[in-house]
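Colleague: A structural model of the following input is requested.
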Amino acid sequence: MKKILLLSLGCITAMSFAQNIESTTTTSQQTKPNIMFVCGGNSGRSVMAEWYTRKNYGSIINDFSRGSGIDPNDQQVPEEFAEEIILANHEATKNELALQRPTPATVQDINNSAVVLTMTNSHSKLLFNLIDRECLDSNLETRDLSANSLKQWTEMCKDKAQLKAKIYTISECATGKYIEVPDAFGESQNFYKKTNQILADYTDMIMKNYQQTGNFCKKSN
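Modeller: Sure thing, here's the model as predicted:
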């Protein structure tokens, strides 16, 4: 009887310990800040940045990628040379990349991110325009939204300046100066490798700043 009791207590303790670990892990994942990388088509630069960051800094941040100018019908997977780089260097699998499709950025994505990193000024401007367009009172009123959804949208859009303040080009965030990250689409494999290295260097600077100061960018965000 004593042995059974001890075994039962041991099982309960083990279960409680496992639940505590699971709870801690879930809480940790929920409290990690989100970074969103944005390029035009969400099949090259932003995807390479996403996977590099996930491999090297996934323990302290969550990250994902989106596109600022995507055709909703586009089913393109990551560009061939981008995929080769990701598979060779960033610990992704072919199955994972096969499931990845270009996804347009939304106001909800911006709202849920601590910082949004674009490749060029034009990408940033498209996101600014997205916020202005989607947060128009007239647009909110004409949507078929439940009362709860309308309340959430109204809350999210009440400070458009705050949403826009999350958006930086990746070069400005890393260095304080704007340098366009070149689009590798249609270029050689070597060009893709150089672009990937540029993104890796900027990301390392950003994450170093975050770890030292608590801010991702040179300017407080």
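Colleague: so where does Ser124 fall, helix or strand?
Modeller: If you go by DSSP states H and E, Ser124 is part of helix 121-134.
Colleague: Next secondary structure after that helix?
Modeller: Taking DSSP H and E, what comes next after helix 121-134 is helix 137-142.
Colleague: Check the offset of that following helix from the chain's centre.
Modeller: 28 Å (CA atoms, centre = their mean, to the nearest Å).
Colleague: what does stretch 140-156 give?
Modeller: 24 Å.
Colleague: Mean confidence (pLDDT) on it, please.
Modeller: On average, the pLDDT along stretch 140-156 is 82.
Colleague: what's it in contact with?
Modeller: Contact with stretch 140-156 is made by 107-108, 111, 135, 157, 163, as judged by CB atoms under 8 Å, 6 or more residues apart in numbering. Every residue, glycine included, has its C-beta placed from N, CA and C.
Colleague: Which of these are buried, as a PyMOL select command?
Modeller: Typed into PyMOL, the line below selects the buried ones among the contacts of stretch 140-156, using 16 or more other CB atoms under 10 Å:
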select buried, resi 107+111+135+157+163
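Colleague: ok, the contacts of stretch 140-156 vs Leu87, which is closest?
Modeller: Checking those against Leu87 by CB to CB gives Gln108 as the nearest, at 30.0 Å.
Colleague: dump the residue contacts of the closest one.
Modeller: Residues counted as contacts of Gln108 (CB under 8 Å, 6+ apart) are Met156.
Colleague: Just the element for it, please.
Modeller: Per DSSP H and E, Gln108 falls inside helix 107-111.
Colleague: what about that helix, distance to the chain center?
Modeller: 11 Å.
Colleague: Touching, Phe185 and Gly41? I think so.
Modeller: Yes - the pair Phe185 / Gly41 is scored as a contact, 7.4 Å apart, by CB atoms under 8 Å.
Colleague: Among these two, which residue is more densely surrounded?
Modeller: Neighbours were counted for Phe185 and for Gly41 using other CB atoms under 10 Å; Gly41 has more, 20 against 17.
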